[in-house]
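**Student:** what follows is a predicted protein model with its sequence.
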Amino acid sequence: MARSSNRTTERGFVNRNRQKNNGATDPPLPGSDHNQIIYKMECLVCGHRYGANSSHIWQRKCPRCQRGAEGLALGVTGAHERYASPPPPKRLDALGAGCEAWEAEINARVAALYGL
């Protein structure tokens, strides 16, 4: 998957783990590392939204579906509520329902990879 930009702190950057940078918090919130601010991240796999230090964007994994480190809080008054994650998908209970798009993408990639 091609990255959408070369600069990890640019809005729209997608890292190799399919984590998208949706820009810095407004107003900028201090991160947990020295001289860092929190960026709003979104997992393109499961839709989870969380905060991350700018220095971690390039290698970040989703805390919900990729066993990544817990995300940073995006704010206490309203900012977090406006950027809250959707509920986790119920993949096991759904018995494959709603996975058609992912299945088609996987099939296309396998076909291209093996020349089918």
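**Tutor:** Here it is on my side, so go on. Residues are numbered from 1 along each chain as shown.
**Student:** residue 33 and residue 15: what is the separation?
**Tutor:** Residue 33 sits 17 Å away from residue 15, taking CB to CB, to the nearest Å as the criterion. No exception for glycine: its C-beta is placed from N, CA and C like everyone else's.
**Student:** settle it for me: which of the two has more neighbours?
**Tutor:** Neighbour tally, residue 33 and residue 15, criterion other CB atoms under 10 Å: the higher count belongs to residue 15, 20 against 11.
**Student:** the more buried one against residue 8, yeah?
**Tutor:** Yes. Using CB atoms under 8 Å, residue 15 is in contact with residue 8, at 7.2 Å.
**Student:** next, show the common contact partners of those two.
**Tutor:** Shared contacts of residue 15 and residue 8 (CB atoms under 8 Å, 6 or more residues apart in numbering): 57-58.
**Student:** which residues touch the lengthiest helix in the chain?
**Tutor:** For the chain, the longest helix by residue count, based on DSSP state H, is helix 100-114. Residues from elsewhere that reach helix 100-114 (CB under 8 Å, 6+ apart): residue 116.
**Student:** residue boundaries of the helices in this structure?
**Tutor:** Under DSSP H, the chain gives helices at 79-82, 91-94, 100-114.
**Student:** pick out the shakiest of these, pLDDT-wise.
**Tutor:** In terms of average pLDDT, helix 79-82 trails the rest of the helices of the chain, at a mean of 47.
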